[in-house]
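Engineer: Please find the sequence and the predicted model below.
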Amino acid sequence: MTKTVLAAALFAVAGFVSQAASAATSVFDADGLASFHSDAFASSVVSGTEFFQTVTFTGLAAGIYNIDASISATRLDFAAGGVVLDGHVFDLAANAAGKLRSGNLIYDGSAPLTLTVHGYTAGTASQAFFNGSVSVTAVPEPATYGMLLGGLGLVGAIARRKAKKAA
């Protein structure tokens, strides 16, 4: 009987440990949106258990992007500096669903974007998990604005020329 209980306890601990650190891949769609989620943690979660998850985003070309991301959690505390997107730390309050700040990120395309989430389980729970999304939009280069102004200038010149001919 004791061996059976010990074996069951070891299997339960081994199952939880295997879920404490995981990796996932998410692909940006044509609109620049990618979503992610954690695997559900073990059926009985011990308070204060540390977790890590890395999400790798693929499908972006090199460039400058404006990133808007959000993440929410159930029964999890994010560690200080525990949500990191390619080296940019996002601050989230403990025990809170948070919105990651927006910002510009220069992405050179040499490696996929990587989001790392680190924290601890909060209280004893039947399940703990997090999910979120990352949205990217390309930031136009200064040359793009120059071409826009040049094009508007040409359209204005043509309109002025036609107005002179009509008069």
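Structural biologist: Thanks, I have the structure now. Residues are numbered from 1 along each chain as shown.
Engineer: Averaged pLDDT, whichever strand in the chain runs longest. What do you get?
Structural biologist: If you go by DSSP state E, the chain has its longest strand at strand 63-74. For strand 63-74, the mean per-residue pLDDT is 78.
Engineer: Show me what the closest residue to G63 other than its chain neighbours bridges to in the sheet.
Structural biologist: The shortest distance from G63 to any non-neighbouring residue, by CB to CB, 6 or more residues apart in numbering, is to A138 (5.6 Å). Every residue, glycine included, has its C-beta placed from N, CA and C. Beta-bridge pairing of A138 under DSSP bridges involves Y65.
Engineer: ok, A138 - contacts?
Structural biologist: Residues in contact with A138 (CB atoms under 8 Å, 6 or more residues apart in numbering) are 32, 63-66.
Engineer: are any of those residues buried, and which?
Structural biologist: 32, 65 (16 or more other CB atoms under 10 Å).
Engineer: Would you map the helices across the protein?
Structural biologist: 2-20, 142-166 (DSSP state H).
Engineer: model confidence over the longest one, on average?
Structural biologist: When you say that, I think you mean helix 142-166. Mean predicted confidence for helix 142-166 is 87.
Engineer: cool, and stretch 117-137?
Structural biologist: Per-residue scores along stretch 117-137 average to 75.
Engineer: Only the buried residues of that stretch, if you could.
Structural biologist: 117-122, 125, 128-130, 132-136.
Engineer: Give me the subset of the residues you listed lying in strands.
Structural biologist: Counting by DSSP E, the buried residues of stretch 117-137 contribute 117-121, 129-130, 132-136 to strands.
Engineer: Pick the one among the residues you listed closest to G146.
Structural biologist: Using CB to CB, V136 is the member of those that lies nearest G146, at 23.7 Å.
Engineer: OK, contacts around the closest one?
Structural biologist: Contacts of V136 by CB under 8 Å, 6+ apart are 28, 32-33, 60, 65-68.
Engineer: Out of the residues you listed, give me the two with the largest separation.
Structural biologist: Farthest apart among the contacts of V136 by CB to CB are L60 and D68. That separation is 14.4 Å.
Engineer: ok, back up a step: now the contacts of V136 in CSV, with distance to G150?
Structural biologist: Shown next, in CSV, are the contacts of V136 (distance: CB to CB, whole Å):
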residue, distance to G150
F28, 32
G32, 27
L33, 33
L60, 29
Y65, 25
N66, 25
I67, 30
D68, 31
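Engineer: From the residues you listed, pick the one nearest R161.
Structural biologist: R161 lies nearest to N66 out of the contacts of V136, by CB to CB, at 38.8 Å.
Engineer: Okay then, goodbye and thanks.
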